[in-house]
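Asker: Pasting the sequence and the predicted coordinates here, then a few questions.
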Amino acid sequence: MSDLLRPDLALIARTVTPGARVLDVGCGDGALMAALRDDKGVDARGLELDGANVAGAVGRGLSVVQGDADTDLAYYPDASFDYAILSQTLQTTRRPDKVVEELLRIGAQAFVSFPNFAHWRGRLSLLWGGRMPVTRLLPDTWYDTLNIHHLTIDDFRALVKERGWHIDGQWFLKGDRETTHANANLFAEHAVFLLRK
Amino acid sequence: MSDDSRFGLRRQVRLSGPLALDGGAALGPVDIAYETYGAMNADGSNVILICHALTGDQYVASDHPSTGKPGWWWRMVGPGKPVDPADYFIICSNVIGSCMGSSGPASVDPATGEPHAMRFPVITIADMVRAQALLLDHLGVDRLCAVIGGSMGGMQALTWPTLFPDRVENCIVIASTARHSAQNIAFHEVGRQAIMADPNWRGGDYYADGRVPSAGLSVARMAAHITYLSEAGLTEKFGRRLQARATKTFGFDADFQVESYLRHQGLSFVERFDANSYLFITRAMDYYDIAEDHGGSLARAFTATKARFCLVSFDTDWLYPTTESRIIVHALHAAGAPASFVELSSPFGHDAFLLECPELNRVVDGFLKGGRA
């Protein structure tokens, strides 16, 4: 099942401990939750903004609540999950820093994955074309993208350092494959961090 | 099992009780009219209780004996539907206080041989649920695989795991709330005052001569019916169109289609419903506030249960709007209970849960299957 997952989700699915309690924030149609439940006996709960996605996920028997990461995480009790997961959603939230704080309050550890806006293709697009990048990973134009807080891997690392969070794991993706840590900020399209407070 | 006279359509049982009520009184004996569909499996793990709304009844999936209309939730309960009698043993009972065969103001008080009328004790949603639990005891049902309800049925469904945390495995609450708001109470009070202002009401003692407060009850129903629909739905269905006439009459006839429709709703309602029952059941709904019963904390109501919860609201429902469902979801989070929640889109307002809504069926079906996996 996890073979069919998006690469960042497959990576998270591999890393999660069997039987853990997981909150998937921005869980979409519940693909990761279903994989975690079926393959690892995980007690997975989801939060998702889009009603059609929620209906689909509940329709496959998953516990998913329709809500907004920016406002609804406050209602989850402290330390109620082993992992809180935020995949490909950070850059769409109004206050990404507060959302990560909430993840680390709710979960013992937090997975955060996001597209790296400092990837060289994006840099070239801005440098030579003078235009906001539209790439395979960032397919939307500046006016219709849901991404409102563009960040780079180095930006995120700086935030982690500033807030005193700990990095328990980090993975970088180029296309569907993992890539090295060296110069990730230039060469990785996508980053997955595992954080702890 | 099929030759057990406790099971089947159009059942009624007299349970000795007495049932201790929230208001301090005791009710006994307790009559309960109900229906069952399907068969209980060997370990009793396939039982679903369906709870009906304010003016609903036990005929959830069979033709109504007086109106001849199909069961009120035939879209959800029946062969090939999410709640399928081929898979589940399904129970639906008439709430106490109602008038379809369960103990209520219109039923005869065995002590006096007269209808209870307003001498019937004031009941609560929790009392309705306790009466259902008595029925389950009678039917030999220990645990509910699921309890499901919309509107006031949702209030009963949500109350179930708070009163009987070990008897409920899954709880589906549709277009409902954890408490009646000031606006909810206000609309009900308009309805009750309309009934009580009808000269035929006579303090509730109208059963002997058949002169019932139909004008008052009809107005109560008309006012309530508006709250079940949405502004957009009314506009789409009626707009400002005139009823079977080309021009306005400059009188007080039902010139507008919407007036004619509401009058029809009121008139047909009085033929099937008892005015005193309307008073008692609306009162029960107004007293409903689960948090209040748990020291002001809604979350505390759910700490003892292991049940999974599924909540559904509709975007055009202004009677029990999405914010009410969210309050429940947040409390369930705080209690650590597994909860699903979705707001579905429908033009039909509060009534949407009774109407064609494939997404609702998918959600209920998937949630139930997920609970059995």
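Answerer: Structure received.

Asker: Tally up the residues packed near B:Ala182, please.
Answerer: A total of 7 residues lie near B:Ala182 under the criterion other C-beta atoms under 10 Å in any protein chain shown. (Glycine included, C-beta is placed from N, CA and C.)

Asker: Skip the chain neighbours and tell me the closest residue to the residue most central in space within chain A.
Answerer: Residue closest to the average C-alpha location in chain A (C-alpha atoms, centre = their mean): A:Ser87, at 1.7 Å. Closest residue in space to A:Ser87, ignoring its immediate chain neighbours: A:Ser113 at 4.4 Å, by C-beta to C-beta, 6 or more residues apart in numbering or on different chains.

Asker: Give me the three-state assignment for the residue of chain B with the smallest separation from chain A.
Answerer: As assessed by C-beta to the nearest C-beta, chain A sits closest to B:Gly370 within chain B, at 2.0 Å. Counting by DSSP: H, G, I helix; E, B strand; the rest coil, the backbone at B:Gly370 sits in helix.

Asker: Return the residue spatially closest to it, with its sequence-adjacent residues excluded.
Answerer: Sequence neighbours aside, A:Gly61 is the residue nearest to B:Gly370 in space, at 2.0 Å (criterion: C-beta to C-beta, 6+ apart).

Asker: and that neighbour, backbone torsions?
Answerer: Backbone torsions of A:Gly61, given as degrees, to the nearest 10, read phi 90, psi 10.

Asker: Return the residues in contact with it.
Answerer: By C-beta atoms under 8 Å, 6 or more residues apart in numbering or on different chains, A:Gly61 lies in contact with B:Gly366, B:Phe367, B:Lys369, B:Gly370, B:Gly371, B:Ala373.

Asker: List the contacts of the residue nearest to the centre of chain A.
Answerer: Neighbouring residues of A:Ser87 by C-beta under 8 Å, 6+ apart: A:Arg6, A:Asp8, A:Leu9, A:Ile12, A:Asp24, A:Gly26, A:Leu32, A:Phe111, A:Val112, A:Ser113, A:Val192.

Asker: could you pull out the helices for the stretch 251-373 of chain B?
Answerer: Using DSSP state H, counting those that start in this stretch, the helices of the stretch 251-373 of chain B run over B:257-272, B:275-286, B:322-335, B:358-372.

Asker: Would you reformat those helices as TSV and include distance to B:Glu292?
Answerer: Formatted as TSV, those follow (distance: least, C-beta to C-beta, whole Å):
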stretch	distance to B:Glu292
helix B:257-272	31
helix B:275-286	12
helix B:322-335	13
helix B:358-372	28
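
Asker: Mean neighbour count, mean pLDDT and distance to B:Tyr37 for those helices - can I get that in JSON lines?
Answerer: Formatted as JSON lines, those follow (neighbours: other C-beta atoms under 10 Å in any protein chain shown; pLDDT from 0 to 100; distance: least, C-beta to C-beta, whole Å):
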{"stretch": "helix B:257-272", "mean neighbour count": "16", "mean pLDDT": "95", "distance to B:Tyr37": "22"}
{"stretch": "helix B:275-286", "mean neighbour count": "24", "mean pLDDT": "98", "distance to B:Tyr37": "24"}
{"stretch": "helix B:322-335", "mean neighbour count": "21", "mean pLDDT": "96", "distance to B:Tyr37": "28"}
{"stretch": "helix B:358-372", "mean neighbour count": "20", "mean pLDDT": "92", "distance to B:Tyr37": "15"}
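
Asker: what comes up buried for the helix or strand where A:Val65 lies?
Answerer: In the assignment (DSSP states H and E), A:Val65 maps to strand A:63-66. Using 16 or more other C-beta atoms under 10 Å in any protein chain shown as the test for burial, strand A:63-66 gives A:Ser63, A:Val64, A:Val65, A:Gln66.

Asker: Intersect these with the contacts of chain B.
Answerer: Under the cut-off given by C-beta under 8 Å from any C-beta of the partner chain, chain B has A:Ser63, A:Val64, A:Val65, A:Gln66 from those close to it.

Asker: how close does the residue nearest to the last one when sequence neighbours are not counted get to B:Thr303?
Answerer: The spatial neighbour of A:Gln66 that comes closest, neighbours along the chain excluded (C-beta to C-beta, 6+ apart), is A:Val54 at 4.4 Å. In this structure, A:Val54 lies at 25 Å from B:Thr303, with C-beta to C-beta, to the nearest Å as the measure.
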